[in-house]
Each structure stands twice: as structure tokens, then as C-alpha cells.
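S.K.: Okay, here's the prediction I keep looking at, along with the sequence it came from:
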Amino acid sequence: MMQPDPNLTLANIKELSVFSNHYDLRHDLHAYVEYVLDRDVKRLHRSNELNRSDSKRLAKLMSDSCAIEEVEQNGYSKWINYVDILAHIFEFVNYDTEGTYAGYTSSEPSFPDNYIDVSIGKYEDFIDLPLIEQEKKLFDILVNHYLDDYNEFYGTSVLGRLSGFSTRGSATGVMQDLDFTRPRRFLIEVLQSCAPGVWYTISSLIQYLKEHYPYFLIPKKPKYRHEWEAKNGRYGNFRESKELWGKEIQVLESDADAFERVEGRFVERFLEGLPLILGYIEVAYSKKEYKGYLPEINQLQAFRVNDKFLHVMSGKIIEPKVTVQPNFEIHVESELYPVRILAQLTKLADVVTKDKTSILKLQKKKVLTQLSEREDLDVIRLLEKLSGQKLPQNVRIELEEWIGASEAFTLYENAVLLEGDKDLPEIDQFTIQRISPTMRIVHSPDRLFTHLEQNELIPLHIKHRSSALTLLPDGVRTVFHKRDSSVSKVKAGAKTKKPVTIKREVQIIFHFPAKELMEEFRKGLIAARCPVAADWGKLTLSFASQYEPEVKNVSKALKQDYTIKIEDIT
């Protein structure tokens, strides 16, 4: 690693426009995966991008409200699209990226029925890693790919303002052999020599590189495939222009400021790229209107690194700290988004605020739900393990009362009630709960019956109806009272009429043209507490006619995204 360089000049930012990244890429990446995991997300038929409806919902889940404004104005968000691409590079999600050509006249591919699938295994493996290992993988992805064949010479960063060089001729000359991974890692090493929180001028950084490392990006003697490429020289791929489509001026290696005009522009765009996207630095721009040659130069004028960047690079990040407060709030302090910890806590608590310190509040309903779904869950032990200390006394007492309430009624699935002698051979392995010496709740009844038969016992399987208990055969002993048959006997030959009431319910069936609209309609009906049955094979929703007012409200709410016309089938 390089040592701090005294020649970097301190910057005065009073006259500059400071920009900080308020997005948290780590949070938003996980929010995106969780979103597509819970629903069928269909990509656009022509462009293969996310559709407007999903973009609007995702924008509300992002770490910065700017995404909402962007979708409302443009119908899409560059940041959400960036996260979408990143998730695909990570292989957390899969979808068709090749497309099909509809007929001989098609010049562009189309993407019919292109739904996003989640690779749950790869995603779970990633979030199970320690936070520093997750960060290293994220860093390596951005260093190696920088997303979708983009490089700092020709594209604008998702958070950047600076335009790139013309791509004309970029498939020839030095550009063919440039490995951008190496200079990116080199510049990250240079940034590690900077003091955190101190503003430096970018011009002094560029001059430092020019003096000490002039070939960090383009080799001194590049390999040329053709004689004319050698004639154009090291800077043959780079041209400036006064206007966007104006006459171009070739940058020559003999120019005194050639390094600033080529490598200098790369450094500026690198700073507003990878390290800014990861939240490692802040940058500052000139407020003056730019009137120079394009692409812009010297508009990005200052930068500063932060503690998080230096901690990540040294592999010594501050471990997440969990604190349970007496007011039932849980404070989670972490330099990096602690996805695994928050995934556990959000099942028990509501999120109040998200920041470097996330605040959640325990909710009785959520705790009871988790206790009913997970028999092995010990809420108090989990919270004490995460926080590393005893819970406040009032919180512990309240949680114990909640736990007691959850034990008042327990529903067992795939279990049976076994009644038999108290000394039945080796059945503890099948026992879920022992109710009395002769009665217990057991699992795996088929295996249990086989076990009893192998021990020369004769188990009797009785299946009761939902309306009444089934009568047991004569001679069978049970602790339950038998019904006295003499009381209910009727005289032979007497015929009684059973009173029967048949109820009629009129059902309405909606036939949908696509899964996406059907899913939105179904969610809306559920939210309106309308019982609805879905047939995904036939793309239909069925509901009772008495819920037509709720259906009309859902249809009205969806009209902001759809023009809906309901027709009767004759």
C-alpha cells in the first residue's frame, strides 16, 4: 500500500457543490431480491427492462426517496436498473437476456413472458457470509465488471454527471488491450493513503499520478495490431470537441497536457463511479457553467474518503452492535448493512428508521406469529444472543407473558393423538408432547404403526369427522366417554326426516390477460378482506357477488397504471 503523500493539496470546498451518495447499495440489493422473491415480476416485452409498476413499488423500498421521484418523472429509475443488473451479475436472479427474433424482418430481439427467477441457494449462501466477506465480493464485482461492459472512458456513472469520450474507433488501438481492473485497484490503493474526512483537490491527485505513475492506465509501449494504429499513438482513441456533435480534436501524446486530458478524465470518472457508488467517498463539483471542450474536464474538483472505506480495505470493520432498550426498541449499529441480523429481527419487530443505526420496535403480534410457526424459537435467548447482554427486566417480563399467551393453544400439523399403555416400547422417538401417562401427541404415524406391529402390538387407527367423533368398535378401551346407544335408539321401522338447509352463493369469475395484472388484482382484493380463489393455470379469480363494491375499489385503484374494461362473457 502507498504511504500518505504530502504533495496532495487540501481543498477549499466553500465555493463547490458537495455530493454524497445517500443510497445504500447493500440494502437496496437485498430489498430488490426480497421483492422479486415474493411475486412474479415480468420484464418488458421489447426492452427487457423492469416495468413501470414494479419500478414504482421497488422505488418505495429503496434507501433513498430520490428513486420514487425518478420513477414518477421518467417511468424508470437508473439506480433501480443498476441494482437489477448487479443482482443478475451476482446470479441472485435469472432471466432471459438473449431474447428471440419474431420473424425474418425483426432487427431487435423481444422477450415474451420473461419472468425473473430467484436463485435462493446462491442468495442464502451470500448473506450467510460475514459482512466483510460480503463486502469483498461486492467490491470485486464492481472492480471486475463495473456493470455491463461499461468503463470510465465512455459511460456516465449511475450517480455521475460527467459524460464520456466518443466510442468511434474504440474497437481498435490501445482500447483493445486495456485491462481496467488493474488501474481501478491501483487507484483504490492510492485512496487508502488519504486521511479520512479531509478534502483533497483532484488536480493534485492527477499531478501526483502524472509525476510518479504516468503509465498506471495505458502502457508506455502498447501492442498495436496495425501500422496505422501505431501512427495514431497511445492516445489515438481519444478526441475532444467543442460541441456534442462538433468537429473533433485528436489528443496527441506530444501535447503537454495530454495526461490530464486522458488519464485525468479517467480519474475524475473513476471517483464518481465505484468508490462513490459504494459510499466510500464524497465528491465536490464546480458550480460554474462549463464552457470547455467535451467531455467535461476539471468539473469534479475535490474528494474525501471516510472511515468506512479505510475499515473495509483493512478488513477491520466495526462489528454490528445490537441493543434492546427498555422501551422495546432494538438499536442496530453497523458500518455495513447487517442483512442477516435484520432479517431475524424484522420478523419480531417493525422498522422505525433505517440508517447507520437502524431502529426497530418489538411487536406482540409478530412475536406470537413466530412462536406459532417455530416451535424451537426462544425469543428471549435470540435477543440476548444478538445483543450479547441480558434484556431489560421489563422487556423480559413482557416477553414471558407473550410466550405464555402463545402456549395457550398450539396447532400441530401432520400429528396424531396416541392413546395406549404408559409403557409402550420405544415410542419416545415419535413423541412430540406427552399429555398424560397413557396419552401423547406423536409424529410420523405410519412409521409408528409399523414400529408397534414389529413389536407384536395391534394399533388401531381411528379417523374422526370434523362434525363428530367416530364411534369406537366394541371392546376398545378409551378414556373418552362412550355415547349411550340406548338413549338414541329409535324404534325399528320408524322413519325420521332430517332437516336440511341448502345455501346458494353466486360466484363471479374474472378472466385476466396476464399474470401481472391478476396478481395485482388478487393482492388488492386480499387487502380489502375479500375472499378470493385464484386459478393460475386459467388466469382466473373467483369471488362472491356480495364483494362487488370491494372489487370496484380495487379496479379503480389500478386505473393509474391500467386502462381496465370489464366485459361479460356471453
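M.R.: Noted; the coordinates are in hand.
S.K.: Is the nearest residue to residue 438 once chain neighbours are set aside in a helix, a strand, or coil?
M.R.: Residue nearest to residue 438 in three dimensions, not counting chain neighbours: residue 422, with 5.3 Å by Cβ to Cβ, 6 or more residues apart in numbering. C-beta coordinates here come from the backbone N, C-alpha and C atoms, glycine included. Following DSSP: H, G, I helix; E, B strand; the rest coil, the label given to residue 422 is coil.
S.K.: so residue 422 sits right up against residue 437, yeah?
M.R.: Yes. Counting by Cβ atoms under 8 Å, residue 437 is a contact partner of residue 422 at 3.9 Å.
S.K.: on that earlier part again, the residue nearest to residue 438: neighbour count?
M.R.: 10 (other Cβ atoms under 10 Å).
S.K.: burial measure for residue 264, as a count.
M.R.: Using other Cβ under 10 Å, residue 264 has 21 neighbouring residues.
S.K.: Just after the helix or strand it falls within, pick out the following helix or strand.
M.R.: Assessed by DSSP states H and E, residue 264 sits inside helix 263-271. Downstream of helix 263-271, the first helix or strand assigned by DSSP H and E is helix 274-277.
S.K.: Tell me how many other residues crowd residue 505.
M.R.: Neighbours around residue 505, by other Cβ under 10 Å: 7.
S.K.: distance of it from residue 546?
M.R.: According to Cβ to Cβ, to the nearest Å, residue 505 stands 8 Å off from residue 546.
S.K.: returning to that earlier point: can you give me the mean pLDDT across the helix holding residue 264?
M.R.: Averaged across helix 263-271, the pLDDT comes to 97.
S.K.: how about it as CSV, C-alpha atoms only?
M.R.: The C-alpha trace of helix 263-271 is given here as CSV (Å, rounded to 0.1, in the frame of the first residue of the first chain):
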residue,chain,number,x,y,z
GLU,A,263,-5.8,9.8,-17.7
GLY,A,264,-7.0,12.8,-15.8
ARG,A,265,-10.5,12.4,-17.2
PHE,A,266,-10.4,8.7,-16.3
VAL,A,267,-9.5,9.5,-12.7
GLU,A,268,-12.4,12.0,-12.4
ARG,A,269,-14.9,9.5,-13.7
PHE,A,270,-13.5,6.7,-11.6
LEU,A,271,-14.0,8.8,-8.4
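S.K.: Give me the contact list for that helix.
M.R.: Contacts to helix 263-271, defined as Cβ atoms under 8 Å, 6 or more residues apart in numbering, come from residues 152-153, 156-157, 160, 162, 164-165, 183-184, 187, 202, 205-206, 209-210, 214, 216-218, 281, 283, 295, 297, 299-300, 303.
S.K.: Now intersect the residues you listed with the helices, please.
M.R.: In helices, judged by DSSP state H, the following of these are found: 183-184, 187, 202, 205-206, 209-210.
S.K.: and these as TSV, adding pLDDT, neighbour count and distance to residue 426?
M.R.: TSV is the format used below for those (pLDDT from 0 to 100; neighbours: other Cβ atoms under 10 Å; distance: Cβ to Cβ, whole Å):
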residue	pLDDT	neighbour count	distance to residue 426
183	95	21	69
184	95	22	64
187	97	21	68
202	97	22	76
205	96	24	75
206	96	19	79
209	96	22	76
210	95	16	82
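S.K.: Who are the contact partners of residue 39?
M.R.: Counted by Cβ under 8 Å, 6+ apart, residue 39 has contacts residue 519.
S.K.: same check, this time on the one 10 residues further on
M.R.: Taking Cβ under 8 Å, 6+ apart as the definition of contact, the neighbours of residue 49 are 43, 76, 81.
S.K.: Would you indicate which residues of the helix or strand harbouring the last one are buried?
M.R.: Looking back up the chat, that one is residue 81. For residue 81, the host element (DSSP H and E) is helix 78-89. Neighbour-count burial for helix 78-89, with 16 or more other Cβ atoms under 10 Å as criterion, is recorded at 79-84, 86-88.
S.K.: from those residues, which single one is nearest residue 137?
M.R.: residue 86 (11.3 Å; Cβ to Cβ).
S.K.: partners of residue 117 in the sheet?
M.R.: residue 94 (DSSP bridges).
S.K.: How much space separates it from residue 32?
M.R.: 14 Å.
S.K.: Of those two, give the one with the bigger neighbour count.
M.R.: Higher neighbour count among residue 117 and residue 32: residue 32, with 23 against 12, using other Cβ under 10 Å.
S.K.: can you pull the contacts of the residue nearest to the more buried one when sequence neighbours are not counted?
M.R.: Nearest residue to residue 32, sequence neighbours excluded (Cβ to Cβ, 6+ apart): residue 83, at 5.0 Å. By Cβ under 8 Å, 6+ apart, residue 83 lies in contact with 25, 28-29, 32, 62.
S.K.: Redo the residues you listed as JSON lines? Include distance to residue 460.
M.R.: As requested, the contacts of residue 83 are arranged in JSON lines below (distance: Cβ to Cβ, whole Å):
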{"residue": "25", "distance to residue 460": "62"}
{"residue": "28", "distance to residue 460": "59"}
{"residue": "29", "distance to residue 460": "56"}
{"residue": "32", "distance to residue 460": "55"}
{"residue": "62", "distance to residue 460": "60"}
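S.K.: for these, which one is nearest residue 515?
M.R.: Using Cβ to Cβ, the contacts of residue 83 come closest to residue 515 at residue 32, 19.5 Å.
S.K.: Check for me that that closest one belongs to a helix.
M.R.: Yes. Looking at residue 32 with three-state DSSP, it is inside a helix.
S.K.: With residue 43 as the reference, measure out to it.
M.R.: Taking Cβ to Cβ, one finds residue 32 at 13 Å from residue 43.
S.K.: residues in contact with residue 396?
M.R.: Per Cβ under 8 Å, 6+ apart, neighbours of residue 396: 380, 390.
S.K.: That one falls within a strand, correct?
M.R.: No. According to three-state DSSP, residue 396 belongs to no strand; its state is helix.
S.K.: from here on, count from 46
M.R.: Sure thing, new numbering starts at 46, so read that last one as residue 441.
S.K.: Tell me the pLDDT of it.
M.R.: Residue 441 is given a pLDDT of 93.
S.K.: Just give the nearest non-adjacent residue to residue 67, would you?
M.R.: residue 109 (4.5 Å).
S.K.: need the contact list for the one you found.
M.R.: 67-68, 124.
S.K.: Residue 100 touches residue 122, doesn't it?
M.R.: Yes. If you go by Cβ under 8 Å, residue 100 and residue 122 touch, sitting 5.9 Å apart.
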